[in-house]
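Undergrad: Just to be clear, the model below is a prediction. Sequence and coordinates:
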Amino acid sequence: MKRLACLASIYPELEDCAVVTIMGAVAAELYSLGHRANFFYLEHAMGLASSIGLGIALAQPHRKVVVIDGDGSVLMNLGGLTTLARSNPGNLVHIIFDNETLLSVGGGAPGGYRWFTTATATGTDLAGVAKAAGIERAQTVRELDEFKAAALAAIKHDRLTCIVAKVEAEMPTSFLMDVHMLENRFEFPRALQRPIGERIKGGA
């Protein structure tokens with residue numbers, strides 16, 4: 001299963017959500033589908049996407065928050081799962097793309113360090129960890145149709161959900177993103193000041 005295909009399958013449903021991505025490949029691929037002002041690319045803060053998403057979910061309980069994470073990032077901040085479980089925001093969906101490598105920093109890159117894997121390559125079950133942390137609705141998916149159904153259901157319903165998607169360790173076509181971090185920093189909160197349902201297409 002490819003990460004970009006997963007993102008494309010749910011992209012239309014992200015228009016009214018606050019979307020927080022982790023750094024690297026996930027951010028670049030979501031951006032490649034079309035930037036929206038309600039997308040926040042958390043560059044240079046590996047492991048903290050769920051923490052930022054939780055703050056937004058608690059501040060705006062009527063807005064759906066979708067955190068798009070990676071296995072390496074989650075493993076850097078496993079305490080984030082316990083904090084999510086304790087707060088239990090029904091409006092937050094935590095999607096974790098698990099490619100079993102630190103791909104965005106060199107693991108799995110063509111000609112790179114293919115042995116630079118994460119703990120999920122040797123048995124760590126992130127959905128199992130999430131459940132043990134207290135997130136009751138946590139599952140692992142391996143097929144695109146299964147991912148799409150699980151993610152859309154989670155976005156539709158009001159229950160904290162963690163979806164671990166097992167994807168190929170594949171680099172994005174490009175890491176080019178024309179939105180400067182500072183610009184993203186200011187347009188994102190402006191987008192979240194708009195009423196839910198108001199169309200957000202590009203910049204603020």
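TA: That came in fine, so what should we check first?
Undergrad: quick one, what contacts Val26?
TA: Going by C-beta atoms under 8 Å, 6 or more residues apart in numbering, Val26 touches 3, 7, 68-70, 97, 104. C-beta: built from backbone N, CA, C; applies to glycine.
Undergrad: where does the spatially most central residue of the chain fall, helix, sheet strand or coil?
TA: Residue closest to the mean C-alpha point of the chain, counted by C-alpha atoms, centre = their mean, is Ile68 at 0.3 Å. Under DSSP: H, G, I helix; E, B strand; the rest coil, Ile68 falls in the strand class.
Undergrad: any idea how far the residue lying closest to it once chain neighbours are set aside lies from Asp125?
TA: Distance criterion C-beta to C-beta, 6 or more residues apart in numbering; nearest residue to Ile68, sequence neighbours excluded, is Thr21 at 4.5 Å. Here the criterion is C-beta to C-beta, to the nearest Å. By it, Thr21 lies 23 Å from Asp125.
Undergrad: of these two, who's got more company?
TA: A direct count of neighbours by other C-beta atoms under 10 Å for Thr21 and Asp125 places Thr21 higher, at 29 against 15.
Undergrad: so where's the chain shaky on pLDDT?
TA: 105-115, 198-204 (pLDDT under 70).
Undergrad: Break down it into its helices, ranges please.
TA: With helices called from DSSP state H, the chain shows them at 3-10, 25-32, 49-59, 71-76, 79-87, 126-133, 144-156, 181-192.
Undergrad: List phi and psi for Asp125.
TA: Here is the backbone geometry of Asp125 (degrees, to the nearest 10): phi -110, psi 100.
Undergrad: so how far is His44 from the residue lying closest to it once chain neighbours are set aside?
TA: Spatial nearest neighbour of Asp125, excluding adjacent residues (C-beta to C-beta, 6+ apart): Thr140 at 7.2 Å. Distance, Thr140 to His44, by C-beta to C-beta: 29 Å.
Undergrad: Of the two, which one has the most company?
TA: With neighbours defined as other C-beta under 10 Å, Thr140 and His44 compare such that Thr140 has more, 18 against 7.
Undergrad: check contacts around the more buried one.
TA: Thr140 touches 98, 125-127, 164-166, counting by C-beta under 8 Å, 6+ apart.
Undergrad: measure the residue lying closest to Glu170 once chain neighbours are set aside to Val19 for me?
TA: Spatially, and ignoring its direct neighbours in sequence, Glu170 is nearest to Lys2 (6.4 Å; C-beta to C-beta, 6+ apart). Going from Lys2 to Val19 by C-beta to C-beta gives 19 Å.
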